[in-house]
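>>> missing the sequence, but the structure's below:
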């Protein structure tokens, strides 16, 4: 009996041991329904939405006066500091003196050219009036000479007719046998007088004809002179007009050319020696002292405390995931656990850079971002530390498993330690159906949003509360030695 009992006890213990050895060992995870958020958190500082870094458009000048200190409240237009402008003042004075002399010369040249032009116009008009009168006078003289010639010609023709008549009368007396000597003498005298009168008329006609020719020549000369003077005077006026235009252009060049530009540049440099606040706000940094030689870098920073924001940077691995307009949650030490909502208002398209005293530019791999508060908080102050959590994506009320379940296998490895397993293009999870028997089944799934801790899963037969198996490396490799599943 003792032997039998011992044997039974031995076999029971052995069966229990075998059963225990046969029990499967699982790493499991629960399928949960929850809201998933993919977020990234960055540390930054509280800054101002309205922030200006004050620089001057000049360098190499000595700081002669500083009127503010860190913490001072300033208004736009307040003088922050001044630079020594004595050398610039001297240059302005010398340049103005040279410019004034040049302007005087150019203005005198314009005045002289204007006078010459006016004289040329006056001469042209005077000559034109005089020449027109000469043409009129000579034309009238020519017309008078024609009339005198015609009169002399008529008188000559009449004298010829009278001579012919007197000759006929004399011939008649000579041929008259009854004519007395007195009659013959009288007829002869009349004929001789007629010849004398005819000769006198001829002389008068010849004189009148010569006068006509002379008067015509005078008229033609007057007309030619009028034409020649008009051409010459016109050329003179045009020449003087061109000279006047040239003088005006020279004067304009003097007043608005290189000298004027130089004066304008010098005046801008002088204005730059008085540095004024561009906005209302608080001086949050001041980088100059009296006696410093200003090299062109930042003089001061002014921030308006009325509207604050968070200034931060993100690395090159994160920048591609964020865009302007994304929601943020901001927390600070001074506000404790208070979560202040806001919006990402700026994402720099280029990495942050800096310039040292030698002018060397250093480019980092960090990108500047800015986040605006939805509502301002009176406890916030400039320069405070702030943690900003950026919401990149979210999925509400979805089934999920821990992201730690999802691991990547090396190519050609049969090792797979993931809730979500793959078989070619297929994705599935292995669900534990019965913990006692170790019964499992595979459910096809698709994956969605993945956060740092969890991943969204969807499947027709997948339910909240199910337990999914995460095969460990040893189990997976042992199992795959006897099945036909190929993992890629």
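Thanks, I have it. Computed from a predicted model, the values in this text were never measured in an experiment.
>>> any regions of this protein where pLDDT drops low?
1-26, 255-257, 357, 359, 404-419, 421-423, 471-488 (pLDDT under 70).
>>> tell me which residue of it is furthest from the middle?
residue 178 (129.3 Å; Cα atoms, centre = their mean).
>>> do you know how far the residue most central in space within the chain is from residue 285?
When Cα atoms, centre = their mean is applied to the chain, the residue found nearest the centroid is residue 57 (19.5 Å). Plainly put, residue 57 is 20 Å away from residue 285 if you go by Cβ to Cβ, to the nearest Å. Yep, even glycine has a C-beta here, placed from its N, CA and C like the rest.
>>> show me where the stretch 1-150 of the chain has strands.
Secondary structure of the stretch 1-150 of the chain (DSSP state E, counting those that start in this stretch): strands at 27-30, 32-48, 51-54, 61-66, 73-74, 79-83.
>>> closest one to residue 233 among these?
Across the strands of the stretch 1-150 of the chain, residue 233 has its closest neighbour in strand 61-66 (61.0 Å, Cβ to Cβ).
>>> check contacts around the residue nearest to the centre of the chain.
Counting by Cβ atoms under 8 Å, 6 or more residues apart in numbering, residue 57 touches 268, 269, 272.
>>> need phi/psi at it.
Phi and psi for residue 57, reported as degrees, to the nearest 10, are phi -90, psi 60.
>>> how near is it to residue 115?
Noted for residue 57: a distance of 45 Å to residue 115, by Cβ to Cβ.
>>> go on, residue 300?
Distance from residue 300 to residue 115, by Cβ to Cβ: 59 Å.
>>> what about the two, which has more around it?
residue 300 (24 against 12; other Cβ atoms under 10 Å).
>>> is the more buried one in contact with residue 281, as I believe?
No - using Cβ atoms under 8 Å, residue 300 is not in contact with residue 281, being 10.3 Å away.
>>> ok so, going back, can you tell me the SS state at the residue farthest from the centre of the chain?
Counting by DSSP: H, G, I helix; E, B strand; the rest coil, the backbone at residue 178 sits in coil.
>>> distance of residue 217 from residue 224?
10 Å.
>>> re the thing from before, can I get the strands of the stretch 1-150 of the chain in TSV with distance to residue 382 and mean neighbour count?
Formatted as TSV, the strands of the stretch 1-150 of the chain follow (distance: least, Cβ to Cβ, whole Å; neighbours: other Cβ atoms under 10 Å):
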stretch	distance to residue 382	mean neighbour count
strand 27-30	46	15
strand 32-48	6	16
strand 51-54	9	17
strand 61-66	21	17
strand 73-74	12	16
strand 79-83	18	21
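>>> okay, those in CSV with distance to residue 397 next?
Below are the strands of the stretch 1-150 of the chain laid out as CSV (distance: least, Cβ to Cβ, whole Å):
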stretch, distance to residue 397
strand 27-30, 16
strand 32-48, 6
strand 51-54, 41
strand 61-66, 61
strand 73-74, 51
strand 79-83, 56
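>>> quick one, strands of the stretch 151-300 of the chain?
Under DSSP E, counting those that start in this stretch, the stretch 151-300 of the chain gives strands at 274-276, 281-286, 293-294, 300-303.
>>> what is the third one packed up against?
By that I understand strand 293-294. With contacts taken as 3 or more Cβ pairs under 8 Å, 6 or more residues apart in numbering; DSSP states H and E, strand 293-294 sits against strand 61-66.
>>> picking that back up, kindly write the ChimeraX command that selects the buried subset of the contacts of residue 57.
Selection of buried members from those for ChimeraX, criterion 16 or more other Cβ atoms under 10 Å:
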select :269,272
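>>> among the contacts of residue 57, which are in helices?
268, 269, 272 (DSSP state H).
>>> which residues are in contact with the first one?
Okay, so that is residue 268. Residue 268 sits next to residue 57 when contact means Cβ under 8 Å, 6+ apart.
>>> could you redo the last one with a cut-off of 10 Å?
Residue 268 is in contact with 57, 58, 88, counting by Cβ atoms under 10 Å, 6 or more residues apart in numbering.
>>> now, which of the residues you listed sits nearest residue 329?
residue 57 (41.2 Å).
>>> quick one, helices of this structure?
2-22, 86-174, 181-256, 258-272, 473-480.
>>> dump those to JSON lines, plus distance to residue 65.
Rendered in JSON lines, the data for these read as follows (distance: least, Cβ to Cβ, whole Å):
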{"stretch": "helix 2-22", "distance to residue 65": "90"}
{"stretch": "helix 86-174", "distance to residue 65": "14"}
{"stretch": "helix 181-256", "distance to residue 65": "35"}
{"stretch": "helix 258-272", "distance to residue 65": "15"}
{"stretch": "helix 473-480", "distance to residue 65": "74"}
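>>> for residue 34, find the nearest of those.
helix 473-480 (27.8 Å).
>>> hmm, residue 354 is touching residue 298, no?
No - counting by Cβ atoms under 10 Å, residue 354 does not reach residue 298; the two are 11.4 Å apart.
>>> looking at the two, which is more packed in?
When residue 354 and residue 298 are compared for neighbours, residue 298 comes out ahead with 13 against 9, by other Cβ under 10 Å.
>>> give me the nearest residue to the more buried one, chain neighbours excluded.
residue 53 (5.0 Å; Cβ to Cβ, 6 or more residues apart in numbering).
>>> re earlier: distance to residue 133 added to the contacts of residue 57, as a markdown table?
Below are these laid out as a markdown table (distance: Cβ to Cβ, whole Å):
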| residue | distance to residue 133 |
| --- | --- |
| 268 | 63 |
| 269 | 66 |
| 272 | 69 |
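>>> quick one on the thing from earlier: and which of the contacts of residue 268 is nearest to residue 197?
residue 88 (104.8 Å).
>>> and residue 351, how far from residue 309?
The gap separating residue 351 from residue 309 is 20 Å, by Cβ to Cβ.
>>> between residue 300 and residue 281, what contacts are shared?
52, 72, 74.
>>> my guess is the second one contacts residue 282, does it?
Yes - counting by Cβ under 10 Å, a contact exists between residue 72 and residue 282, whose distance comes to 7.2 Å.
>>> now do the shared contacts for these two.
Shared contacts of residue 72 and residue 282 (Cβ under 10 Å, 6+ apart): residue 302.
>>> I'm done for today, thanks for sticking with me.
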